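Participant: sequence and predicted structure below; questions after.
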Amino acid sequence: LRRQRQMCIRDSHNSTPPIAHGGGAVAPLRTAALIGFSSQRLLALRRLCQSQRVCTTPATGKTKRVQRVKVPYASPFTGPQTLREGASWADCTVSQVDIADTKVIPDAAANMKWVMTSSFSGTGAAEVASHCVLKAVRGVIAKSPRHRALRPSISCRRACDIATHTRKVLTHILGQHACILGDIMEWPETLEGADLQQRVAPKLRFKKRVKCHTHGHCSLLSAMNIDNGTLHIEVGGPPCPPWSRMGKRRREGDKRHCPHQVWVEYNRQHRPHCIILEEVDSYNIQVVFDNFPSSEWEVRACIIDPRVLGFAMSRPRLYAIITLRAATSWNSTAPLHMLMQKLTAQRVMKADVFWDDADSAASRPLTDGEQYRMAEYETFPLHYRIAQAPVWDLAQGKKRPRGSCVDGALPCLTTHCGSIYHRHKKMFLSPMMLMRAMGHISDRHCTDAAGLPPMSDIATHCSSAQMLQMTGNSMHVPCIGACLMIVALHVRRR
């Protein structure tokens, strides 16, 4: 509290507001009364600090700035209001880009011949997003007689995840033609003598053939046999506990950082044309710059929150698009957070919409532990924000309370998010409702149009506890879809 107060007092004497270094933040709203700051002034300072996050590397002293994506003040586009509209996020986004410039989408469709692979695939968010983007692009070019001959295509050839139930979900989404692999730590021939907890990935030798859960065994190079003009995109979201604020933040010293380094070294050796990395916003981007030197790779990164795309959920994540200079080129020199602004929308959705299509699992009774924590939440003074929040996370106690955000959005979902409770509606968010909140499509009409199975069919392969774990580890589908849209609009194969 003393440190936070000093930051605000220092700001009152300086003309420029402080910048949060290494994940620091401005004092919370309850500190404003102690030093005479208004809540509006303090909220503006917090937003400025969050938009100028600085990642500093103690070992090298280098500093890389990662900008947050912000919605332009005069943006004419409005985000979805209901879950039905949220399921059509790709169609709305592609339409607003086509309205701004009618030549952009046909040009993207002419170059959209992709081969996609993914690691740490989870619920297949990248594959679902790619199908939605492809459907939206095909819908736009079908309306133009001049461009109906274009045939954009996306082929998902490999996915990888360590969990058995997740591999069943991936098989259900991708079918039998894609290779579904297991633990990424089984890819190297040997890990003896390899220091995987260092910043730069070591030199590893990878197996030629690994175990495949759909075809028995397959080659790691099977996705590399692509034609000229085809763009190979690798999507990965390595484990986040070494960097997450919810953990101990041991960074490279954490043993859970080892799969990250194996994945990085695999990409350095096999050199896909485009790599999309998803990590928590407290991730040190300097690790990417150390492993992918600027002489061979071009790195563009920003922090994307689902709220800037119109969704009522707080899940800020760092997204980095890494392209191979020898095989690809960008048609724009603007930074990634500026390119993302044309995909943003003014948010009108409220968190209450996630309870609109509640199922029977949402009306379960409170457990003894949840009743105890709810009684703790009710003891907070009324001027505390958590006391006024309509949504409470009853998995957290009084020491670390969590609830809906100031703007009414859901809190960031974790692997222990089975106790998200709406105290006015007297209902929880069931596992299926949580998957819809993460952007997965549950409407059969929308899934049939995108060529995907609905989440209700996928749920038959998993228990409730497994679906909660997948929800906390999953990427937000519209956010990874926005990155794929940027690749379609601005990255070209040489």
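Facilitator: Sure thing, it's come through. Residues are numbered from 1 along each chain as shown.
Participant: can you give me the buried ones in stretch 300-310?
Facilitator: R300, A301, C302, I303, I304, D305, P306, R307, V308, L309, G310 (16 or more other CB atoms under 10 Å). C-betas here are computed from N, CA, C, even on glycine.
Participant: how far does that stretch stretch from start to finish?
Facilitator: End-to-end distance for stretch 300-310, by CA to CA, to the nearest Å: 23 Å.
Participant: cool, stretch 327-347 as well?
Facilitator: End-to-end distance for stretch 327-347, by CA to CA: 37 Å.
Participant: buried residues in it?
Facilitator: Buried, per 16+ other CB under 10 Å, within stretch 327-347: T328, W330, L336, H337, L339, M340, K342, L343, T344, A345, R347.
Participant: just the ones of the buried residues of stretch 300-310 in strands?
Facilitator: Using DSSP state E, the members of the buried residues of stretch 300-310 that fall in strands are R300, A301, C302, I303, I304.
Participant: tell me the contacts of the residue nearest to the third one when sequence neighbours are not counted?
Facilitator: This points to C302. Distances taken as CB to CB, 6 or more residues apart in numbering place H337 nearest to C302, at 3.8 Å, with adjacent residues excluded. H337 is in contact with Q67, R68, V69, K70, C302, I303, counting by CB atoms under 8 Å, 6 or more residues apart in numbering.
Participant: identify, from those, the entry nearest to A482.
Facilitator: A482 has its nearest neighbour among the contacts of H337 in V69, at 8.6 Å by CB to CB.
Participant: was I right about that closest one contacting R307?
Facilitator: No: with contact defined as CB atoms under 8 Å, V69 does not reach R307; the gap is 9.9 Å.
Participant: return the helix or strand in the chain with minimum mean pLDDT.
Facilitator: helix 32-35 (a mean of 36; mean pLDDT, DSSP states H and E).
Participant: S419 contacts A395, correct?
Facilitator: Yes: using CB under 8 Å, S419 is in contact with A395, at 4.1 Å.
Participant: who's more crowded, these two?
Facilitator: Neighbours per residue (other CB atoms under 10 Å) separate S419 from A395, with S419 holding more: 20 against 17.
Participant: now the more buried one: phi and psi?
Facilitator: Main-chain torsions, S419, degrees, to the nearest 10: phi -120, psi 30.
Participant: remind me which residues of the stretch 101-250 of the chain are low pLDDT?
Facilitator: Within the stretch 101-250 of the chain, the stretches with pLDDT under 70 are 192-193, 221-225, 247, 249.
Participant: how does it look with 80?
Facilitator: 101-102, 190-199, 219-229, 241-250 (pLDDT under 80).
Participant: can you pull out the helices in it?
Facilitator: 104-111, 125-141, 164-174 (DSSP state H, counting those that start in this stretch).
Participant: need those in TSV with mean neighbour count, can you?
Facilitator: Listed next are those as TSV, based on neighbours: other CB atoms under 10 Å:
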stretch	mean neighbour count
helix 104-111	19
helix 125-141	24
helix 164-174	20
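Participant: let's have these in JSON lines, adding distance to G253.
Facilitator: Formatted as JSON lines, these follow (distance: least, CB to CB, whole Å):
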{"stretch": "helix 104-111", "distance to G253": "42"}
{"stretch": "helix 125-141", "distance to G253": "29"}
{"stretch": "helix 164-174", "distance to G253": "27"}
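Participant: out of those helices, nearest to C483?
Facilitator: Smallest distance to C483 across the helices of the stretch 101-250 of the chain (CB to CB): 8.4 Å, for helix 125-141.
Participant: now find how far off-centre the closest one is within its chain.
Facilitator: With CA atoms, centre = their mean, to the nearest Å as the basis, helix 125-141 stands 17 Å off its chain's centre.
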